[in-house]
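Peer 1: mind looking at a prediction? Sequence and model below.
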Amino acid sequence: TLSNNNVNCITEDENGDLWVGTSAGLNRFDYATQRFKRYFSDPDDLNSLGDNVILSLLVDKEGVLWIGTDLGLDCFDPEIEIFRHFKHDPEDPDSLRQGGVRILFEDKTNRIWVGTSQGLNRLDKEKQRFAHFLHGTNKTPLSELMDIQQNKQERLFFLFRSNYLMEFNFETEAIFPVPM
């Protein structure tokens with residue numbers, strides 16, 4: 001059974017197994033055995049899940065599972081069953097922005113976009129660092145991200161709760177409002 005009935009997100013991996021994020025743990029439904037395996041945060045085990053409140057899930061093109069939690073971002077290697085953690089560090093300007101990870105998206109160039117309650121981030125997988133994107137001349141963080149989509153022309157769009165749509169310019173690395 002699931003670790004909790006409050007399901008926040010679900011995704012499928014390359015093996016066809018389902019990953020279910022709940023408010024009390026991560027669950028993997030193995031189709032071969034027809035059973036759930038549960039993963040929980042354990043403060044005494046640095047390789048365990050970073051937080052039990054799972055808000056978003058993504059399996060990238062390399063088959064890596066990314067887990068958005070209330071405390072940050074985790075990356076899971078199912079072969080060795082180890083979680084790697086990315087959290088906000090006020091002393092590190094290249095760390096993940098503060099807040100729960102509500103949105104995860106992989107663009108067509110295999111970059112991972114991470115929307116937290118406090119801003120928009122893009123992960124450089126090779127360097128394990130985050131770029132942050134700000135809005136306007138006052139450079140306020142882009143928060144309350146609702147969705148990310150990329151169209152067939154490879155244009156990348158961001159929808160924010162305040163009913164505004166923005167687009168990413170790959171050449172200038174800037175985000176600008178889409179005229180409505």
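Peer 2: In hand now; what should we look at? Given the structure is predicted, the values throughout are model-derived calculations rather than measurements.

Peer 1: only C-alpha atoms from now on, for both contacts and neighbour counts.
Peer 2: Will do.

Peer 1: okay, the residue nearest the centre of the chain: pLDDT?
Peer 2: Central residue of the chain (C-alpha atoms, centre = their mean): residue 104, 3.3 Å from the mean position. For residue 104, the pLDDT comes out at 97.

Peer 1: what number of residues lie near residue 111?
Peer 2: A count of nearby residues for residue 111, using other C-alpha atoms under 10 Å, gives 15.

Peer 1: kindly report the same for the one 5 residues further on.
Peer 2: Here the count is done by other C-alpha under 10 Å, and residue 116 has 27 residues near it.

Peer 1: can you pull the contacts of the nearest residue to it once chain neighbours are set aside?
Peer 2: Excluding its sequence neighbours, the residue lying closest to residue 116 (C-alpha to C-alpha, 6 or more residues apart in numbering) is residue 101, at 4.3 Å. For residue 101, the contacting residues are 55, 56, 68, 69, 70, 71, 72, 73, 114, 115, 116, 117, by C-alpha atoms under 8 Å, 6 or more residues apart in numbering.

Peer 1: let me know the pLDDT of residue 101.
Peer 2: Reported pLDDT for residue 101: 95.

Peer 1: how about residues contacting stretch 118-135?
Peer 2: 94-99, 111-115, 140-145, 174-176.

Peer 1: now the closest residue to residue 54 other than its chain neighbours: how far from residue 89?
Peer 2: The shortest distance from residue 54 to any non-neighbouring residue, by C-alpha to C-alpha, 6+ apart, is to residue 69 (4.5 Å). Per C-alpha to C-alpha, to the nearest Å, residue 69 is found 16 Å from residue 89.

Peer 1: count of neighbours near residue 4?
Peer 2: For residue 4, the neighbour count with other C-alpha under 10 Å is 14.

Peer 1: tell me how far it lies from residue 20.
Peer 2: Distance from residue 4 to residue 20, by C-alpha to C-alpha: 10 Å.

Peer 1: ok, residue 67 next?
Peer 2: For residue 67, the distance to residue 20 - C-alpha to C-alpha - is 10 Å.

Peer 1: which of these two has more neighbours?
Peer 2: residue 67 (32 against 24).

Peer 1: for the more buried one, give the beta-bridge partners.
Peer 2: Beta bridges link residue 67 to residue 57, residue 74, judged by DSSP bridges.
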